[in-house]
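1. Fold the stuff below for me.
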Amino acid sequence: MTSKTLFTTALLLGIIVLTGCFPAPDKNVDLLSERGVLPVAIEEPTYFESVRGYLAKPELEGKYPGIVMIHEFWGLNENIKEMARALASEGYVVLAVDIYEGVVTTNASEASAFAKKSRENLPRAVANMKAAVAYLRGREDVTPKIGSLGWCFGGQMSLQLALNENLAATVIYYGNLEKDQSRLEKIQWPILGIFGSNDTVVPLASVTEFEQALNRTMIPNEIYVYQEVGHAFANPSGMNYAPQETLDAWQKTLAFLEKNLGGKRVAPKDSKMEIVARNLDTPWAMDFLPTGQLIFTERPGRVNVIENGVATVVGEIPVNEEAEAGLLGIAVDPEFKQNQFVYLYYTHENKNRVSRFQLEWTLKDEIVLIDDIPFARFHNGGRIKFGPDGKLYITTGDATELSSAQDITSLAGKILRLNKDGTIPEDNPSRNEVYSYGHRNPQGLAWHDATRQLVAAEHGPTRNDEINFIEKGKNYGWPQECTDKIEEINQPIRCYTEFTLAPGGIAFQGNALYIAGLRGTQLRKIVFTPDLTTILSEEEIFSDFGRIRDVVEHEGYIYFSTSNRDGRGLPAVEDDKIVRVKTEK
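-> Predicted structure coming up:
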């Protein structure tokens, strides 16, 4: 992000663009399993010179987010209009634009020629779309947040609009991509991309290059690649049509629209949700004191305790907060009532360390337990937890030195295990601090109550995030990825090949594992069989709080913290927050 002013303007304007090949006009659209419940009214306004569009809106009076719907290469046909009505019934004012300016065809050769002409006269196409945005902005029934939706040709056009307009989000359904980082830097808002792994028009290598360019420019993104499907897999009239993947992609699209256009936040069924702390700065880790009070870290260096609904600072640690480094993990001693010990993982100058403090009103009497954990701007690990064996477990990142993860004499890219006083347990596998190795950047640790199985979550490079069952002395592969399937490497129970989750903290509640998603902007839930041998279900249960850093369970409640002020998110009012949810196990 290179322009703070542009970033702020984008937030204020709240514009979103969503892109996309639509079904040929001889087929009805069946992308949706359910239609919205709002009755719809139709208009045909002139929005650009003499060009008329197709507008669908809820009949009920009120102000709704707007969406510019960009057609693909058949033109503004009946299927586009059907989709406009469907989306309007979800609570949007939808303007389907006409880039071809009155021409619709069912002939593929003609359609290709029209699309080529529009690409060759790109300034006019962009002006057409910008006029549609301006038209919606001028309507009294449209909120300041505006979006756009399309497929294929529309995907390419919508990305071009994003490069020429201040927006709040962009969604691309398998449209041709821009990989020039200097051009993408103009985008200061989240991007959602939907692609197929077998697409020969927009190949996987192009998608990967695009995602990497977004990551380098720190543009928040959700890129989904559906396995074993080809180009235009959401086109019911095409030979690549994949119904299940189409439905899933559409549900993700609706969730993305709701999140970025300011839709109502709805808690999961049978849940009771409340915000327990707000206006925080990157709360990184949480734990509980024996009194039931929540104690947590903020990455700039503060340690806080929630008392009577108020966050009180009990310690300020001098840290090197650089990119992902700073004050990270926290753990309360299992014998806190006797010793008042609290443990912290933090970056000190040019290294990471774990120290023990005594909490008596404030933190005092630091004792460094382990020092010289490799540090870098990225991949510092940082989670610390006490296991059921009373030992202290510590996750460390590879500090961007890939080979260190395989070096069992290095503290980088590992899960470490220590006695509470910092000494090495006699039963550690390598007679040093290392418990397991071959990790890239693990940030989640949790134990299943019944089996006492240790589970860890770690970041992959681009997608390929992992959920692993940790065994003493085992190799978890990095820099090999979870898709490599090497026999001597422990394989994850879950490898996220289809999108980037970037997992933070994890927590068990019964047989359900909750996973905090950073780049995935969600709280995720996996339900296992009681013996953990099988995944019964997996779902995204919160996707409208932005980046989620940590999740813990306490006395039947799930607590999770947002991380929208960490430099990679879009902070909302009162961010960052800690949220408490009562859910069914």
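2. longest helix of the chain?
-> Longest helix of the chain, by residue count under DSSP state H: helix 243-260.
3. model confidence over that helix, on average?
-> For helix 243-260, mean pLDDT is 85.
4. What of stretch 106-126?
-> Averaged over stretch 106-126, pLDDT sits at 93.
5. Quick one: residues in contact with it.
-> Applying CB atoms under 8 Å, 6 or more residues apart in numbering, the external contacts of stretch 106-126 come out as 24-26, 73-75, 99-100, 103, 105, 153, 156-157, 160-161, 164. Yep, even glycine has a C-beta here, placed from its N, CA and C like the rest.
6. Filter those down to just the ones in helices.
-> Going by DSSP H, the helices hold F153, Q156, M157, Q160, L161 from the contacts of stretch 106-126.
7. What residues does the third one make contact with?
-> M157 makes contacts with T19, I70, I99, S118, A125, V126, M129, G150, G175, as judged by CB under 8 Å, 6+ apart.
8. Can you give the distance of the helix or strand harbouring the fifth one from its chain's centre?
-> Spelled out, that is A125. Per DSSP states H and E: A125 is located in helix 122-137. Distance of helix 122-137 from its chain centroid, counting by CA atoms, centre = their mean, to the nearest Å, is 30 Å.
9. Can you mark which positions in that helix are buried?
-> Neighbour-count burial for helix 122-137 flags A125, V126, N128, M129, A131, A132, V133, Y135, L136 (criterion: 16 or more other CB atoms under 10 Å).
10. Excluding chain neighbours, what is closest to the third one?
-> Leaving aside its chain neighbours, N128 sits nearest to F48 (5.0 Å; criterion: CB to CB, 6 or more residues apart in numbering).
11. you'd agree the one you found is up against A131?
-> Yes: the pair F48 / A131 is scored as a contact, 3.8 Å apart, by CB atoms under 8 Å.
12. in stretch 437-456, what's buried?
-> In stretch 437-456, counting by 16+ other CB under 10 Å, buried: 437-448, 453-456.
13. Same question for stretch 70-82.
-> Buried, per 16+ other CB under 10 Å, within stretch 70-82: I70, H71, E72, F73, W74, G75, L76, N77, N79, I80, K81, E82.
14. now do stretch 247-261
-> For stretch 247-261, by 16+ other CB under 10 Å, it's 247, 249-250, 252-261.
15. Next, count neighbours for the nearest residue to L454 once chain neighbours are set aside.
-> Closest residue in space to L454, ignoring its immediate chain neighbours: I470 at 4.2 Å, by CB to CB, 6+ apart. Per other CB atoms under 10 Å, the neighbour tally for I470 reads 19.
16. Could you do the one 4 residues further on as well?
-> By other CB under 10 Å, the residues close to K474 number 18.
17. what's the residue lying closest to it once chain neighbours are set aside sitting at in phi/psi?
-> Nearest residue to K474 in three dimensions, chain neighbours excluded: N490, at 4.7 Å (CB to CB, 6+ apart). N490 adopts backbone torsions of phi -60, psi 130, taken as degrees, to the nearest 10.
18. wait, doesn't N490 sit right on W478?
-> No: N490 is beyond contact range of W478, at 11.2 Å (criterion: CB under 8 Å).
19. With neighbour numbers in mind, choose between those two.
-> Legend: neighbour count by other CB under 10 Å for N490 and W478, higher for W478 (27 against 17).
20. Give me the common contacts of N490 and W478.
-> With CB under 8 Å, 6+ apart, N490 and W478 have common neighbours G438.
21. Counting by contacts, list what the host helix or strand of Y393 packs against.
-> Assigned by DSSP H and E, Y393 falls within strand 392-395. Judged by 3 or more CB pairs under 8 Å, 6 or more residues apart in numbering; DSSP states H and E, strand 392-395 is in contact with strand 327-332, strand 362-373, strand 384-386, strand 414-418, strand 442-447, strand 454-458.
22. what does that strand contact?
-> With CB under 8 Å, 6+ apart, strand 392-395 has contacts from 329, 331, 343, 345, 354, 369-370, 373, 381-387, 414-420, 433, 435, 439, 442-445, 454, 456, 458.
23. Need the per-residue pLDDT for the residue nearest the centre of the chain.
-> When CA atoms, centre = their mean is applied to the chain, the residue found nearest the centroid is G520 (1.7 Å). Per-residue pLDDT puts G520 at 88.
24. what about stretch 190-207, how long is it end to end?
-> By CA to CA, to the nearest Å, the extent of stretch 190-207 from end to end equals 16 Å.
25. these two touch, right, N464 and T497?
-> Yes: in this structure, N464 is within contact of T497 by CB under 8 Å, at 6.1 Å.
26. Neighbour count: these two, which is higher?
-> Neighbours were counted for N464 and for T497 using other CB under 10 Å; N464 has more, 20 against 16.
27. what number of residues lie near P479?
-> Neighbours around P479, by other CB under 10 Å: 16.
28. how many other residues sit next to the spatially closest residue to it that is not a sequence neighbour?
-> Sequence neighbours aside, L402 is the residue nearest to P479 in space, at 4.2 Å (criterion: CB to CB, 6+ apart). In terms of burial, L402 registers 15 neighbours under the definition other CB under 10 Å.
29. heads up, I number from 379, so please use that
-> Right, with 379 as the first residue, what we last looked at is L780.
30. what separates L780 from R818, distance-wise?
-> Distance, L780 to R818, by CB to CB, to the nearest Å: 8 Å.
31. swap in T899?
-> For T899 relative to R818 (CB to CB), the value is 21 Å.
32. try L705
-> Counting by CB to CB, the gap from L705 to R818 is 22 Å.
33. Repeat that for T774.
-> 11 Å.
34. swap in E917?
-> Distance from E917 to R818, by CB to CB: 26 Å.
35. Compute the mean per-residue pLDDT across stretch 584-602, please.
-> For stretch 584-602, mean pLDDT is 92.
36. can you list contacts of that stretch?
-> So stretch 584-602 is in contact with 379, 555-559, 562-563, 565-573, 577, 603, 627, 630, 634, 840-841, 876-878, 897-899, 925, 945-948, going by CB under 8 Å, 6+ apart.
37. And the chain, what are its domain boundaries?
-> Domain ranges of the chain: 382-402+413-638, 656-892, per automatic domain parsing.
38. any weak-confidence spans in the protein?
-> 379-415, 615, 640-649, 962-963 (pLDDT under 70).
39. correct me, but L796 touches K769?
-> Yes: between L796 and K769 there is a contact under CB under 8 Å: 6.6 Å.
40. residues shared between the contacts of these two?
-> What both L796 and K769 touch, as defined by CB under 8 Å, 6+ apart, is the set P803.
41. the more surrounded of the two?
-> Neighbours per residue (other CB under 10 Å) separate L796 from K769, with L796 holding more: 21 against 18.
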